[in-house]
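S.K.: take this sequence and fold it.
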Amino acid sequence: MEPASKLRSIELLEQYFGIKHRRQNYYESAKEWLPLKSKVESIAVNFAKKRYAFCYDILFYDVTTLYFETFEEDDLRKNGFSKDNKSQQPQIVVGLMVTKDGFPISYEVFSGNTFEEHAIITVVKKFINKITIW
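M.R.: Below is the predicted model of the structure:
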């Protein structure tokens, strides 16, 4: 696994798998991937369990905020507590769960006005449901 930007991910697809994508196609099709999130997470975790010393006896979870260079809110981008001192700009809240080795196993995106503690409760509940399926 190699964490990367969207643009770098396109380059890695070609480098590792010979799959060629144009950047514009990538951005246009991104919305279609959202319904596949759970399935992709499950495939990635099952792949890791088979190929690596993978366990989730210890998990780490972190929440951060990502702000946008605009002052207009929408359904997801909302003003909220900003870790970047950008309280006047809309943001989203992102939570990431990883194994003790740093392997990402789940993430969630919340509206920018979501309180961190509410986000972690939601993520833990969803993870408990997922782990019984994996």
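S.K.: which stretches of the protein form strands?
M.R.: For the chain, applying DSSP state E gives strands covering 59-67, 91-99, 104-111.
S.K.: with adjacent residues omitted, what lies nearest to the residue minimising distance to the centre of the chain?
M.R.: The centre of the chain sits closest to Y107, judged by C-alpha atoms, centre = their mean, with a distance of 3.9 Å. Nearest in space to Y107, with sequence neighbours left out and distances taken as C-beta to C-beta, 6 or more residues apart in numbering, is L96 at 4.8 Å. Every C-beta, even on glycine, is put in place using the N, C-alpha and C of the backbone.
S.K.: same question for I19.
M.R.: That would be L13: by C-beta to C-beta, 6+ apart, it lies 4.4 Å from I19.
S.K.: so what pLDDT did the one you found get?
M.R.: Looking at L13, its pLDDT reads 86.
S.K.: residues contacting it?
M.R.: 19-21 (C-beta atoms under 8 Å, 6 or more residues apart in numbering).
S.K.: considering those, which is situated nearest to F47?
M.R.: I19 (16.9 Å; C-beta to C-beta).
S.K.: quick one: pLDDT of that closest one?
M.R.: At I19, the pLDDT recorded in the model is 87.
S.K.: how near is it to I10?
M.R.: Here the distance between I19 and I10 works out to 9 Å (C-beta to C-beta, to the nearest Å).
S.K.: those two: who's more crowded?
M.R.: More crowded of I19 and I10, by other C-beta atoms under 10 Å: I10, with 19 against 10.
S.K.: not counting its neighbours along the chain, what's nearest the more buried one?
M.R.: Here the residue nearest I10, using C-beta to C-beta, 6+ apart, is H21, at 5.1 Å.
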